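1. how does the following fold in three dimensions:
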Amino acid sequence: MNNKTKKILLIIFGISLSAAALYYAFRDADFNFIKRQILDCDLRFAAALVLCVLASWLMRAVRWKIITWVNLPFIDIIKFSFAGAVLNLLLPVRLGEVGRAYLYTRRTETSMSNTLGSIFIERVFDGVSIVFYFSMLTFVFFSSEMKNLFKDNPKSLVAVYIISALFVVLLAGIFCGIFLKEHMLVWSGRLCRLLPVKLGSRLDYMAQNILHSFDVLRKKRNIFGIFFSGMAIFFFEAMILHFTMRSLHGSLPLGYSIIIMVLIGFSVTLPSAPGGLGIVEAAVTMVLPLIGSSITHDFARSYVLLYRIGYTPIILIIGFISIATFGVKFSELIKSH
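-> Next comes the predicted model:
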């Protein structure tokens, strides 16, 4: 099975999964209620929602600037970030990351492998940030409501322990990538030699580029910069969810916003239709009513649709403007995948 066939099958699987999730999320929806809720939203909080979207992506640009450490104007890094964001909204299974890497390599003449390695570092620290927030919620507790949530749902603690263990694994992986790079290169080479030649050489080349990407983390200043920018990113993501609820004249404590943010963060990593369509909707409409007894499934549907309305247009507008400034046709970006 060649790569093109595998990619097509993955796309088909992702779209099928999204379709099933979308049906689950809206199978018995009262669309008149949802329409009324959205039209009656508080525009002040909706504006705050949009500002948090912009702040989140600006912090993503700051983090990628630290990771790539290239002599480019910061405005270009911002444009790369928004271009990747709009491509992720329009392409399935997060193929927008490849488009962002393609634009970056055209501008900087950096290899595609090294650029994808820097994006891999981003995803690792996304995982660290998400799991860190979730672990902090578990062991520190932002409010008494958080205690009641875990008290009323003791099985959820199993998920907490699993996610906390994942946090430890991620930190161990980062430690190995920074301080044991040479040993990791040797081990990956030995493992790849056990595989078929073509596959093994490709994986070994990929592993080398990823491990070399960890060189940026050898400086403490870079580690702290990447970590704290990641914390800021997901703080703003949580505030987006908080202001979405306030726009609907509801109340969602910041701790619960972080829970929803963690849920969305994990759900969009699944193979899906463009923008995680369906997966996010199903996850939020399933979990949000568990947080508050007054939250109905239709209110949760209104919530996730308003989240989409506040998040998507600004990304599309700035993303397409960013792509246009690079002088690259959208069809060329599609072919780069």
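2. so for stretch 290-299, what gets flagged as buried?
-> For stretch 290-299, burial by neighbour count (16 or more other Cβ atoms under 10 Å) applies to Ile291, Gly292, Ile295, His297, Asp298, Phe299. No exception for glycine: its C-beta is placed from N, CA and C like everyone else's.
3. widest-spaced pair of those residues?
-> The span of the buried residues of stretch 290-299, defined through Cβ to Cβ, is set by Ile291 and Asp298 at 15.3 Å.
4. thinking again about what came up before, what about the buried residues of stretch 290-299, which are in strands?
-> Nothing among the buried residues of stretch 290-299 maps onto strands, per DSSP state E.
5. looking at those residues, spot the one nearest Thr5.
-> Nearest member of the buried residues of stretch 290-299 to Thr5, counting by Cβ to Cβ, is His297, at 38.9 Å.
6. isn't the closest one up against Pro289?
-> Yes. At 5.7 Å, His297 counts as touching Pro289 under the criterion of Cβ atoms under 8 Å.
7. and the one helix or strand Leu263 maps to, how far from the chain's centre?
-> Per DSSP states H and E, Leu263 falls inside helix 254-267. Distance, stretch centre to chain centre, for helix 254-267: 11 Å (Cα atoms, centre = their mean, to the nearest Å).
8. please apply the same query to stretch 22-40.
-> Centre-to-centre, stretch 22-40 and its host chain are 25 Å apart (Cα atoms, centre = their mean).
9. now do the same end-to-end measure for it.
-> 24 Å (Cα to Cα, to the nearest Å).
10. and stretch 285-303, by the same measure?
-> Across stretch 285-303, the terminal residues are separated by 9 Å (Cα to Cα).
11. mean confidence (pLDDT) on that stretch, please.
-> Averaging pLDDT along stretch 285-303 gives 83.
12. also stretch 236-255?
-> For stretch 236-255, the mean per-residue pLDDT is 85.
13. over to stretch 38-51?
-> In this model, stretch 38-51 has a mean pLDDT of 94.
14. and if you look at stretch 306-316?
-> 91.
15. and if you look at stretch 12-26?
-> pLDDT averaged over stretch 12-26 gives 83.
16. who are the contact partners of Asn114?
-> Asn209, His212, Ser213 (Cβ atoms under 8 Å, 6 or more residues apart in numbering).
17. let me see the mean pLDDT of the helix or strand harbouring the first one.
-> Meaning Asn209. Asn209 belongs to helix 197-213 when elements are defined using DSSP H and E. Averaging pLDDT along helix 197-213 yields 74.
18. same thing with stretch 92-104?
-> For stretch 92-104, the per-residue pLDDT averages 78.
19. Gly117 contacts Asn209, doesn't it?
-> Yes. Look at Gly117 against Asn209 with Cβ under 8 Å: they come within range, at 4.4 Å.
20. those two: which is more packed in?
-> The residue with more neighbours, out of Gly117 and Asn209, is Gly117; 24 against 18, by other Cβ atoms under 10 Å.
21. setting aside sequence neighbours, what's the nearest residue to that one?
-> Leaving aside its chain neighbours, Gly117 sits nearest to Ser213 (3.4 Å; criterion: Cβ to Cβ, 6 or more residues apart in numbering).
22. show me the contacts for Arg27.
-> Contacts of Arg27 by Cβ under 8 Å, 6+ apart: none found.
23. how much space between it and Tyr307?
-> Distance of Arg27 to Tyr307, given as Cβ to Cβ, to the nearest Å: 20 Å.
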